[in-house]
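[1] Following is a predicted model, sequence given first.
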Amino acid sequence: MTDSEKPQVVIIPEPVEIKRHEGLFEITKKTSLYADTGLKEVVAYLQELFLPALGGEIPTTSKTNNENYIHLLLNSDIPKIGGEGYILKISEKGILIEGNTSAGIFYGIQTLRQLLPKEIESQKAVSNIKWLVPSVSIKDYPRFKWRGFMLDEARHFMGTEVVKKLLELMALHKLNKFHWHLVDDQGWRIQIDKYPKLTEIGSKRELKPKRGEVQNTEETNVYGGFYTKEEIKEIITYAKERCIEVIPEIEMPGHSSSVLAAYPELSCTGGPFEVPTRWGIFADVYCPGNEQVYDFLKDVLDEVIELFPSQIIHIGGDEVPKIRWRSCQKCREKRKKEGFTKYKELQVFLTNYFADYLDSKGRRLMGWNQILDENLASKAISQFWFGKVKETVVHIESGRDTVMTRYLWTYLDHPYKIISLKRAYAYEPIPKKLEEKYHNHVLGLEAPLWTERIPNEKRLYWQAFPRLTAFAETGWTLKKSKNYKIFKKKLEIFLKRLDILEIDYATLEEAD
């Protein structure tokens, strides 16, 4: 076999250590799969992933073979790779993937996936091809524990199959946090049994065909949609099988117009309200002086907690106008009762109330960095997106965990002219002036996709890829190992996999 015929070693994100050896391994009908008993879900995933292209499952065996094998091994004694790291060894005889946990084995499978010919991504049996992988030794583990992607479905609703496809793409990229923005002014997208009007009224708005919106309800001229609890459970299970944590976001106290349209008594003025069709920031928000608001949100969070196993619940907390609070008798009384001198303290009070409530349920509150305050509950996680980085640095140095999402670097809905692929790849989550002893409080990074101008699946993929691929490498790969020129060359080959997966990504010319 000539050098040009040898399988290429193209892995994104770039591993920590990789050594190329002579020889190849071929997956054939004689190949057998052996795995530890604690890896049933991972084995099922591997079979499901490879079955369509191979034209059948890889036979499993109850004992290790000496040749033509794939061996998945749990080994708690591997040092320095953590819970998501893995060791991958491929020789002419077989493939060995070791990890301290099933998650590590899973990410080793993703690397094996990329070492196989791109046709492994096909959903139909592929003939006349040899499933060859190069002999390599790889030691790998992630730089950050938080490698996230956020999807806004309040503005435009995508549906179960699109979300599942995105989760599979996240798995390919070794991303592990799916931040699900289910609630905003323009739509409420989650079934809450105790408050049926949230979906009966709050999930619908006037259709705007000029935006590219298409009718997706039985009602004429109405745009809407929401997830039933069964659909959410299905998506959570699908994500768990791909080592992805689904983190729901339930906005409070702002971005709540869809709620107030259904339950206007939760506002300062009493309404009436409609679910808005325009984007932006709206003056009417939850009334923090109204005890009904706290009961309502506790009831909602109870049902959210019952659905989502995630230890983190995101409450938004950004862009909260105080104008209605200043003229609200209930808010004035609440401010006086609590001894507050400023109306913004009402938001801190509400945030801390629900931080304590979630803590009592074994959960942790997270919010955009506009929740930050010296009196904010200590366990609350901040997500930096806008403002002065030095303010976030002060909070990090006080021991606060933070996820970095700087909007002029990571927002996937921005045009490529603002955030090019090169700029996306250059993003560094650790603030420049943060001392190394505080780096552990930067959990990682997240790339949000807000959908005001993204009405359909095709546009979604074009905005997200290949920039999300760049962010995936930043989240996983050691900083010293990043190289944009090498990444771009790898990307040219990697994108051929997305072609088979029918992803309408931006071309490299468009992206840069």
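    Everything's here; your move.

[2] those helices in the stretch 201-350 of the chain, which residues are they?
    229-240, 257-262, 291-307, 323-326, 329-338, 344-360 (DSSP state H, counting those that start in this stretch).

[3] residues in contact with the residue nearest to His173 when sequence neighbours are not counted?
    Among residues not flanking His173 along the chain, Ala472 sits closest, at 3.7 Å (Cβ to Cβ, 6 or more residues apart in numbering). In this view, the C-beta of every residue, glycine as well, is placed from N, C-alpha and C. Neighbour list for Ala472: Ile12, Pro13, Arg147, His173, Lys174, Leu175 [criterion: Cβ atoms under 8 Å, 6 or more residues apart in numbering].

[4] Spell out the secondary structure type for Ala472.
    helix (DSSP: H, G, I helix; E, B strand; the rest coil).

[5] hey, what's the residue positioned nearest the centre of the chain bridged with?
    Centroid check for the chain by Cα atoms, centre = their mean gives Phe178 as the closest residue, at 2.4 Å. Per DSSP bridges, the residues bridged to Phe178 are Phe149, Val246.

[6] Pretty sure it sits against Pro248.
    No. Taking contacts as Cβ atoms under 8 Å, Phe178 lies outside contact range of Pro248: 9.7 Å.

[7] What is the most widely separated pair among the contacts of Ala472?
    Ile12 and Arg147 (12.8 Å; Cβ to Cβ).

[8] returning to what we had before: list just the nearest of the contacts of Ala472 to Phe226.
    Nearest member of these to Phe226, counting by Cβ to Cβ, is Leu175, at 25.0 Å.

[9] Pull the number of nearby residues for that closest one.
    Per other Cβ atoms under 10 Å, the neighbour tally for Leu175 reads 28.

[10] Report the secondary structure state of it.
    Applying three-state DSSP: Leu175 is coil.

[11] Wait, it touches Phe149, no?
    Yes. Between Leu175 and Phe149 there is a contact at 5.6 Å, judged by Cβ under 8 Å.

[12] Please enumerate the shared neighbours of these two.
    Contacts common to Leu175 and Phe149, judged by Cβ under 8 Å, 6+ apart, are Leu468.

[13] picking that back up, in contact with the residue nearest to the centre of the chain: list those residues for me.
    Gly148, Phe149, Met150, Leu151, Leu166, Leu167, Met170, Ala239, Ile244, Glu245, Val246, Ile247.

[14] how about 10 Å then?
    148-151, 163, 166-167, 170, 235-236, 239, 242, 244-248, 310, 446 (Cβ atoms under 10 Å, 6 or more residues apart in numbering).

[15] And Pro276, by the same measure?
    Asp184, Asp185, Gln186, Gly187, Arg205, Glu206, Ser257, Ser258, Ala261, Phe282, Asp284.

[16] cutoff 7 Å now
    Asp185, Gln186, Ser257, Phe282 (Cβ atoms under 7 Å, 6 or more residues apart in numbering).

[17] Is it correct that the second one is in contact with Arg155?
    This means Gln186. Yes. If you go by Cβ atoms under 7 Å, Gln186 and Arg155 touch, sitting 5.2 Å apart.

[18] Looking at these two, which one has more neighbours?
    Neighbour tally, Gln186 and Arg155, criterion other Cβ under 10 Å: the higher count belongs to Gln186, 26 against 20.

[19] List just the nearest of the contacts of Ala472 to Leu33.
    Of the contacts of Ala472, the one sitting nearest to Leu33 (Cβ to Cβ) turns out to be Lys174, at 21.7 Å.

[20] mind checking how far the closest one is from Ala377?
    Lys174 sits 31 Å away from Ala377, going by Cβ to Cβ, to the nearest Å.

[21] before we move on, what about Asp499?
    In this structure, Asp499 and Ala377 are 47 Å apart, going by Cβ to Cβ.

[22] pLDDT on stretch 382-390, on average?
    If you average the pLDDT over stretch 382-390, you get 96.

[23] export that stretch as CSV, just CAs?
    Extracted C-alpha coordinates of stretch 382-390, given in CSV (Å, rounded to 0.1, in the frame of the first residue of the first chain):
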residue,chain,number,x,y,z
SER,A,382,-22.5,32.4,36.2
GLN,A,383,-22.4,32.3,32.4
PHE,A,384,-20.5,35.2,31.0
TRP,A,385,-21.8,36.6,27.8
PHE,A,386,-21.7,40.4,27.9
GLY,A,387,-20.1,43.3,29.9
LYS,A,388,-16.8,43.8,31.6
VAL,A,389,-14.7,40.7,31.9
LYS,A,390,-12.9,42.1,34.9
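
[24] Name all residues that make contact with the nearest residue to Glu121 once chain neighbours are set aside.
    Of all residues beyond its chain neighbours, the one nearest Glu121 is Ile500 (4.2 Å), with distances taken as Cβ to Cβ, 6+ apart. Contact analysis of Ile500 by Cβ under 7 Å, 6+ apart lists Lys118, Glu119, Glu121, Ser122.

[25] and which of these is nearest Ile18?
    Among the contacts of Ile500, and counting by Cβ to Cβ, the member closest to Ile18 is Lys118, at 19.0 Å.

[26] what number of residues lie near the closest one?
    Neighbour tally, Lys118, other Cβ under 10 Å: 20.

[27] backbone phi and psi for it, please?
    Main-chain dihedrals, Lys118, degrees, to the nearest 10: phi -60, psi -20.
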